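Asker: sequence unknown, structure follows:
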């Protein structure tokens, strides 16, 4: 399936109470062929001085996630630490998730989202999406 996705990551104001710098994170996905809206996702990213990263998101698909990982040169791999979902979500229950961001160069970044749901696979991950982003000039 081919779809469009816009990813916006912007510096957020410093949280003075905790002296932690967060980045605002938002993603919007739609069908390329019909332009139908798929989902939105909003959240925050933070990285500590040791390179430990946290991504917290909530989406209009009924999921809230807490992911953790480590920043490496040109790569960030996050794994699911906790997930919440509304009771009437139509999606299969996600049991595990791995999100990988790869910076290819100053223009292109890739995100690979892999998951395990209640029905597949029993172990490991199944690739859910792979998106190549082109940086827009501001």
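Answerer: Cool, got the structure. Predicted model only: the values in this text are computed from it and were never measured. Numbering: from 1, shown residues only.

Asker: what's the burial count for residue 111?
Answerer: 17 (other C-beta atoms under 10 Å). From N, CA and C alone the C-beta is placed, and that goes for glycine too.

Asker: quick one, what contacts it?
Answerer: 7, 99-102, 129-131, 133 (C-beta atoms under 8 Å, 6 or more residues apart in numbering).

Asker: one more time with 10 Å
Answerer: Residue 111 makes contacts with 5, 7, 27, 76, 99-102, 129-133, as judged by C-beta atoms under 10 Å, 6 or more residues apart in numbering.

Asker: That one: helix or strand, and which one exactly?
Answerer: Of the helices and strands defined by DSSP states H and E, residue 111 is found in strand 108-117.

Asker: Just the buried positions in that strand, please.
Answerer: Within strand 108-117, the residues scored as buried using 16 or more other C-beta atoms under 10 Å are 109, 111-112, 114-116.

Asker: what pairs with that strand, and is each one parallel or antiparallel?
Answerer: Counting by DSSP bridges, the strands paired with strand 108-117 are strand 94-103 (antiparallel), strand 126-134 (antiparallel).

Asker: possible to save the ones you listed as CSV with mean pLDDT, mean neighbour count and distance to residue 38?
Answerer: What follows is the strands paired with strand 108-117, written out as CSV (pLDDT from 0 to 100; neighbours: other C-beta atoms under 10 Å; distance: least, C-beta to C-beta, whole Å):
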stretch, mean pLDDT, mean neighbour count, distance to residue 38
strand 94-103, 94, 17, 16
strand 126-134, 92, 12, 10
